[in-house]
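Visitor: Quick one, structure for this:
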Amino acid sequence: MEKKWYVIHTYSGYENKVKANLERLIESMNLRDKISRILIPTEDVVEFTKGGEKKIVPKKKFPGYMLVEMTMDDDAWYVVRNTQGVTSFVGIGAKPDALESKEVDQILNQMGVATVPKQKRVFEKGQNIQVDSGPFTNFSGTIEEVNEERRKLKVLLSIFGRETPVELKFKQVRRL
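Guide: Take a look at the predicted model:
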């Protein structure tokens with residue numbers, strides 16, 4: 001039998017505890033070959049502390065639900081269904097419905113996008129650049145300011161013989 005992804009319903013707020021309980025049962029009953037992965041879909045959300053500082057916090061995308069990749073047989077079903085904190089499998093009646101692969105791919109991709117690693121600094125103040133797109137294509141200038149969060153630059157371009165500050169996106173320019 002092939003492994004498929006199933007959705008299980010848990011008590012909201014207890015997803016991490018249920019995951020830990022289920023992993024402990026899988027190890028103790030030697031079911032790693034039948035139940036391979038357990039996921040709690042999350043996304044990173046920017047929150048501000050009382051002091052006004054920015055903080056990235058993981059938030060559950062589907063509170064009260066978890067994904068389990070497993071081979072559906074009686075042993076695996078029994079272990080998952082009887083894990084403390086699991087209320088049921090998602091499906092029609094008593095029969096759990098497996099997710100379609102495109103649904104799983106979409107959820108996994110969203111989780112992957114949420115955890116994009118911070119890029120190294122591409123542009124520095126004082127660097128010379130050339131504009132590759134937009135109304136200032138082929139103009140050259142010097143970077144005056146870099147805004148990493150917005151991925152924008154303030155660049156001094158020589159327009160009609162005068163240094164003019166212009167805001168450009170990272171993707172509109174290249175280093176010289």
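Visitor: Show the subsequent helix or strand relative to the helix or strand bottoming out on mean pLDDT in the chain.
Guide: Sorting the helices and strands of the chain by mean pLDDT, DSSP states H and E puts helix 101-114 at the bottom, at a mean of 75. The helix or strand immediately downstream of helix 101-114 is strand 128-131, counting by DSSP states H and E.
Visitor: what comes up buried for that next one?
Guide: Neighbour-count burial for strand 128-131 flags 129, 131 (criterion: 16 or more other CB atoms under 10 Å). From N, CA and C alone the C-beta is placed, and that goes for glycine too.
Visitor: What does residue 98 show for phi and psi?
Guide: Phi and psi for residue 98, reported as degrees, to the nearest 10, are phi -80, psi 150.
Visitor: actually residue 35, not the one I wrote
Guide: Dihedral pair for residue 35: phi -120, psi 110, per degrees, to the nearest 10.
Visitor: check contacts around the residue nearest to it when sequence neighbours are not counted.
Guide: Excluding its sequence neighbours, the residue lying closest to residue 35 (CB to CB, 6 or more residues apart in numbering) is residue 70, at 4.3 Å. Contact analysis of residue 70 by CB atoms under 8 Å, 6 or more residues apart in numbering lists 3, 4, 6, 34, 35, 36, 76, 80.
Visitor: Filter these down to the buried ones.
Guide: 3, 4, 6, 34, 35, 76, 80.
Visitor: my read: the second one touches residue 97, true?
Guide: No - contact criterion CB atoms under 8 Å: residue 4 and residue 97 do not qualify, at 9.5 Å.
Visitor: List of residues touching the helix or strand hosting residue 168?
Guide: Take DSSP H and E as the rule and residue 168 turns out to sit in strand 162-169. Residues outside strand 162-169 that contact it (CB under 8 Å, 6+ apart): 131, 134, 136, 141, 144, 151-158.
Visitor: what are the pairing partners of that strand, and which direction each?
Guide: Here strand 162-169 has these sheet partners by DSSP bridges: strand 152-159 (antiparallel).
Visitor: Buried ones in the partner strand, by neighbour count?
Guide: Buried positions in strand 152-159, judged by neighbour count with 16+ other CB under 10 Å: 152, 153, 155, 157.
Visitor: what residues are up against the third one?
Guide: Remark: with contacts taken as CB under 8 Å, 6+ apart, residue 155 is in contact with 129, 131, 141, 142, 143, 144, 165, 166, 167, 168, 173.
Visitor: One more: residue 36?
Guide: Residues near residue 36 by CB under 8 Å, 6+ apart: 3, 69, 70.
Visitor: out of the residues you listed, who's nearest residue 30?
Guide: When these are compared for distance to residue 30 (CB to CB), residue 70 wins out at 14.2 Å.
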